[in-house]
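Asks: show me the folded form of this:
(one chain, ligands or ions: 1)
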Amino acid sequence: MNETLRQITSHRSIRKYKTDPVSDDVQSRICRAALRASSSGNMQTLSIIVSRDPERKKQLWELHFRQDMILQAPLLLTFCADWNRMNHWCRMSDADPGFDNFLCFMVAVGDAFIAAQNAALAAESFGLGICFMGTTLRSAKELARFFSCPEGVVPVTTLVAGYPDEDPPLRDRLPASGIVHQERYRDYDDTEIRAVYETRERDGWNRYMSANHLAEKVKALGAQNLAQIYTKVKYPKEYNEMFSKDLLDVISEKGFMPSGPS
Ligand SMILES: Cc1cc2nc3c(=O)[nH]c(=O)nc-3n(C[C@H](O)[C@H](O)[C@H](O)COP(=O)(O)O)c2cc1C
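Replies: Just a heads-up that it's a prediction; the model follows:
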């Protein structure tokens, strides 16, 4: 184990934070570490929006489905897929930008997430806890408005960061043997799928059932196993479809699908 691996393998998402502020110096070092990440063509098609103002954070709390860590953690970093800056520079340089398409949106999403993971590691190296917010993609349309994002800019993920006020255990991971393929993708039979998910099925079910608010939901929606918690309770199809529609709208609104979603 070297120091980098030790840090990576001890990562846990933190969902309870002290109110202690994160210094300007630490915040700036986290952002600079994010910007050292690889990016497609070194174009760095991302922006980071820093949110620290308590009033603005209250509004963000609503947009992030009232996840309380948004209120507690002193620092929020929203990562946007961003071609606006690059387009502007190209136009100023008499270069005709051809980046208003879905491919380029995905390139920028990749740049934004890779930078965000760098920021996460940098924050953890300073003793901060972090948690990614999946609600950014679900509220991207509203967040784009909230942050005054121009054409070419879509918020895609948020990192909550602050000093931890909890010490949760490491979460499990599926075994590498079930995820890493050699040379070709080898599809799974039922027995292999069972083996890959065996530990998670048991531990995950027990974890959700020991959280009162979730256990009630699981019961109310009739989920019988962990997979059904994912499909009926956490990520039901109708919500996925609704949020997909909003996301396609904002991607189109920001100019990445010139003919609109089909
Ligand atoms: C893209 C992304 C979005 C996430 N969104 C949320 C979220 O909205 N709320 C939350 O509590 N955790 C969120 N998480 C954290 C995951 O639940 C967490 O990483 C996973 O359960 C594994 O736990 P660990 O990070 O502690 O190892 C998100 C993680 C990622 C990578």
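
Asks: can you tell me the SS state at the residue located most distally from the centre of the chain?
Replies: Largest separation from the mean C-alpha position in the chain: residue 94, at 35.4 Å (CA atoms, centre = their mean). Three-state call for residue 94 (DSSP: H, G, I helix; E, B strand; the rest coil): coil.

Asks: secondary structure element holding residue 247?
Replies: helix 237-253 (DSSP states H and E).

Asks: need the strands for the stretch 151-262 of the chain, in chain order.
Replies: Here the stretch 151-262 of the chain has its strands, by DSSP state E, counting those that start in this stretch, at 153-162.

Asks: quick check: residues of it near the ligand?
Replies: 157, 171 (CB under 6 Å from any ligand atom). In this view, the C-beta of every residue, glycine as well, is placed from N, C-alpha and C.

Asks: swap in 8 Å and give it another go.
Replies: Contact residues, the stretch 151-262 of the chain versus the ligand (CB under 8 Å from any ligand atom): 157, 168, 170-171, 173.

Asks: for PyMOL, what selects the buried ones among these?
Replies: Typed into PyMOL, the next command selects the buried ones out of those (criterion: 16 or more other CB atoms under 10 Å):
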select buried, resi 157
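
Asks: now, which of the residues of the stretch 151-262 of the chain next to the ligand sits nearest residue 57?
Replies: Lowest distance from residue 57 to these (CB to CB) belongs to residue 157, with 16.8 Å.

Asks: so who does the residue nearest to residue 87 when sequence neighbours are not counted touch?
Replies: Sequence neighbours aside, residue 97 is the residue nearest to residue 87 in space, at 4.6 Å (criterion: CB to CB, 6 or more residues apart in numbering). By CB atoms under 8 Å, 6 or more residues apart in numbering, the residues touching residue 97 are 83, 86-87, 90-91.

Asks: noted, bye for now.
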